[in-house]
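>>> Build the 3D model from these lines:
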Amino acid sequence: MTFETSRLLARPLEPSDHEAFHRIWGDLRVIWWGATPDAAASARKLDEILERVRHMPAGQGWFAVVEKASGVIVGDVVLAPYVAEPDLELGWHFVFDGWGHGYATEASRALVRYAFERVAAVRLVADIVPENVRSMRLAARLGMHPIGDRVRASLPHVVLALERAEAEAAPWWPDALVSS
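As a prediction, the model looks like this:
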């Protein structure tokens, strides 16, 4: 359950990732809809996520995104069951200091290819609050397109989707993964 790009390694989140996880999930600039206010709250959130992952099918889960050159976790990406089966949900969260370095795009493209090739995903979806302009732009770069709306955590979200054929036709597809 790992995959790599030229700069990044994605591996399953682990209990020992609590400090790095808090750098992401404790930052209101990143998790503005519900950041965990302190390290203890982040540790509980990580424990909840790891418990959910234990019940997910093989290949799905939350992945720590590690910058290979430094060994530092710069974000996480998610591939999880979605409310409308057999769709799988795609998600991403990156440290504020890492924004603008292309990590989210690089890791998400790799996750898309991983999902279609290794997990046999039928369709990938992402629920994004329209005001989250950066995530909406990333979804567009992946080739995702709106298919509807839904309310999630009391907030209106746009539901975006990506089919395998659409991803395979993207110019980034051949270079999305170094290995998996």
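
>>> Can you classify the nearest residue to residue 151 once chain neighbours are set aside by secondary structure?
Spatial nearest neighbour of residue 151, excluding adjacent residues (Cβ to Cβ, 6 or more residues apart in numbering): residue 157 at 7.0 Å. For every residue, glycine as well, the C-beta is placed using N, CA and C. At residue 157 the chain is in strand, as set by DSSP: H, G, I helix; E, B strand; the rest coil.

>>> any idea how far residue 157 is from residue 141?
Distance, residue 157 to residue 141, using Cβ to Cβ, to the nearest Å: 19 Å.

>>> Show me which of these two is the more surrounded one.
residue 157 (17 against 14; other Cβ atoms under 10 Å).

>>> how about that one, what does it touch?
Applying Cβ atoms under 8 Å, 6 or more residues apart in numbering, we find residue 157 in contact with 127, 128, 129, 130, 149, 150, 151.

>>> try 7 Å
127, 128, 129, 149, 150 (Cβ atoms under 7 Å, 6 or more residues apart in numbering).

>>> among these, which ones are buried?
Taking 16 or more other Cβ atoms under 10 Å as the criterion, what is buried in the contacts of residue 157 is 127, 128, 129.

>>> residue contacts, the last one?
Meaning residue 129. 155, 157.

>>> Could you pull up the residues touching residue 29?
Contacts of residue 29 (Cβ under 7 Å, 6+ apart): residue 96.

>>> do you know how far it is from residue 170?
29 Å.

>>> Same question for residue 141.
9 Å.

>>> Quick check: closest non-adjacent residue to residue 156.
residue 149 (6.3 Å).

>>> Verify the stated contact: that neighbour with residue 155.
No - using Cβ atoms under 7 Å, residue 149 is not in contact with residue 155; the gap is 11.0 Å.

>>> Residues in contact with stretch 74-85: which ones?
10, 13, 24, 56, 60-65, 67, 88-95, 98, 103-104, 107-108, 111, 115, 119, 125.

>>> Try it again at 6 Å.
Outside stretch 74-85, the residues that touch it by Cβ atoms under 6 Å, 6 or more residues apart in numbering are 60, 62-65, 67, 88-89, 91-95, 98, 103, 107, 111, 115, 125.
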